[in-house]
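# below is the sequence, then the predicted model.
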Amino acid sequence: MSEASITQSSAAPIPTHAELFLAFFRITLSGFGGTLAWTRIMFVEKKRWMTAEEFNNVYTLCQFLPGPNIVNLTAVFGSRMRGPTGAIAAWAGFLVVPFCVMLVAGILYERYGDVDAVRRVLAGVAPAAAGLLIATAAKMAMPMFRSFGPAPIILLATAFAIGLMRWSLPLVLIVMIPISIGLAWGWRR
Amino acid sequence: MKADGDLLVTLAVQFAIMALLAFGGANAVVPEMHRQAVELRGWMTEREFTDMFAMSQAAPGPNVMLVTLIGYHVAGIAGALVTTLAMCGPTAVLAHFLGRTWDRFKDARWRITVQAGVVPISVGLVGASAIVLTGAADHSWVAAAITVATAVTAFWTRWNPLWLIGIAGLAGLTGLV
């Protein structure tokens, strides 16, 4: 390893395409529940492909972008390491295992979804899955209710429009995004 | 299973649009998926939708893989490929391009304002998903109790969610729900 191969902010050499693919492939193998946590351990702590600060910056970007956050994260990582083809390698490495798992789950569901035991298990798991989502939403919302400003109102209005009124998502966003950004702009001035 | 071309195009367009509107991640568009798949297009029953969401939460991998199950249910393996690519592709391209310029605007005033405006909406969308799923999954007092118990435990402890899902599945198997 020569000094020149070391980027400004990373402590390790830039991973190859194969390494990127395999890194995310392995993350999904170990990732029951916490793919994000494993991604951080792999990239920042084990391989040192990124500093903690770089990781946080990329993570903030991906939380803010539309789309599946963790999938976007793979694209940004891959792209920073090896450009567009690196993005594809990381992205594909991340999606192969979950796709196959879900395909098998889908095939099994179509075949055995009406079996009594399966029905009963799913009848128990579905309310729990809803509960997990409530907890996720509550954790995300907590910091917003601790500070003054328009954020809590926007949050509740969005949840009301989509969750209770079941209005169309594109329409709600077209109205809410300009209002919310406008309020955020006015509030900070 | 015959893969109908028109159906695949519909899936591709609908899920790509949803991906681009998914502020807050895949969980943010669960109500829109529900609206499209159950209410507007009749691709599946409410029960099938909540089953699929439950499976996507219980399986390893990101929650977004719910779209793979929906795609398979609607149009077989081709459908699963189409929904997965439509949901995971377009925004990854966007992320690739923005990832290169992002650091430059890290402290820019307009970016901080836009973010301050978008984040409460994305949290509101996840809250909406929780409302829609709770309404769809809880048909009995026992089911509602499981939802509340899971939400409270997941909120106040750092237990692995899989334990909660496992316990709930067992409760279901024994016929409690």
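Structure's in. What do you need? Keep in mind that this is a model prediction, so the values were computed, not measured.
# and whatever residue of chain A ends up closest to chain B, what element?
The minimum distance from chain A to chain B, using Cβ to the nearest Cβ, falls at A:Gly124 (2.2 Å). The C-beta positions use only the backbone N, C-alpha and C, and glycine is treated the same way. Assigned by DSSP states H and E, A:Gly124 belongs to helix A:116-146.
# likewise A:Phe94?
Per DSSP H and E, A:Phe94 falls inside helix A:69-112.
# from the contact counts, what lies against that helix?
Here helix A:69-112 touches helix A:17-30, helix A:35-40, helix A:52-64, helix B:46-58, helix B:66-88, helix B:90-101, going by 3 or more Cβ pairs under 8 Å, 6 or more residues apart in numbering or on different chains; DSSP states H and E.
# the longest helix seen in chain B vs chain A: in contact?
Longest helix in chain B, counting residues (DSSP state H): helix B:109-137. Yes. Contact between helix B:109-137 and chain A is present through B:112-134, B:136-137 (criterion: Cβ under 8 Å from any Cβ of the partner chain).
# contacting residues around B:Thr45?
B:Val38 (Cβ atoms under 8 Å, 6 or more residues apart in numbering or on different chains).
# helices or strands next to the helix or strand of chain A with the lowest mean pLDDT in the packing?
Lowest mean confidence among the helices and strands of chain A (mean pLDDT, DSSP states H and E): helix A:35-40, at a mean of 78. Contacting helix A:35-40 under the criterion 3+ Cβ pairs under 8 Å, 6+ apart are the following elements: helix A:17-30, helix A:69-112.
# and of those helices, who's closest to B:Ala75?
Ranking those by proximity to B:Ala75 (Cβ to Cβ) places helix A:69-112 first, at 11.2 Å.
# which residues touch the residue nearest to B:Ile121 when sequence neighbours are not counted?
Distances taken as Cβ to Cβ, 6 or more residues apart in numbering or on different chains put A:Thr158 closest to B:Ile121, at 5.1 Å, once the chain neighbours are dropped. Residues near A:Thr158 by Cβ under 8 Å, 6+ apart: A:Val172, A:Met176, B:Pro120, B:Ile121, B:Gly124, B:Leu125, B:Gly127, B:Ala128.
# mark which of the residues you listed are buried, thanks.
Restricting these to buried positions leaves A:Val172, A:Met176, B:Pro120, B:Ile121, B:Gly124, B:Leu125, B:Gly127, B:Ala128, with burial counted as 16 or more other Cβ atoms under 10 Å in any protein chain shown.
# for those residues, which one is nearest A:Ala87?
The closest of the buried ones among the contacts of A:Thr158, once distances to A:Ala87 are taken by Cβ to Cβ, is B:Leu125, at 25.9 Å.
# out of everything not next to it in sequence, what's closest to the closest one?
Distances taken as Cβ to Cβ, 6+ apart place B:Ala28 nearest to B:Leu125, at 3.6 Å, with adjacent residues excluded.
# shouldn't that neighbour be in contact with B:Ala130?
No. Using Cβ atoms under 8 Å, B:Ala28 is not in contact with B:Ala130, being 10.8 Å away.
# ok, those two, which is more surrounded?
Shown here are B:Ala28 and B:Ala130; by other Cβ atoms under 10 Å in any protein chain shown, B:Ala28 has more neighbours (29 against 26).
# ok, for A:Arg120, nearest residue in space, not its chain neighbours?
B:Gly172 (4.7 Å).
# what helix or strand is the one you found on?
B:Gly172 is part of helix B:161-173, with elements assigned from DSSP H and E.
# rebuild the helices and strands packed on helix A:35-40 as TSV, extending it with mean neighbour count and mean pLDDT.
Formatted as TSV, those follow (neighbours: other Cβ atoms under 10 Å in any protein chain shown; pLDDT from 0 to 100):
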stretch	mean neighbour count	mean pLDDT
helix A:17-30	19	88
helix A:69-112	22	94
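# could you dump those into TSV and include distance to B:Gly24?
Shown next, in TSV, are those (distance: least, Cβ to Cβ, whole Å):
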stretch	distance to B:Gly24
helix A:17-30	22
helix A:69-112	8
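# thanks a lot, catch you later.
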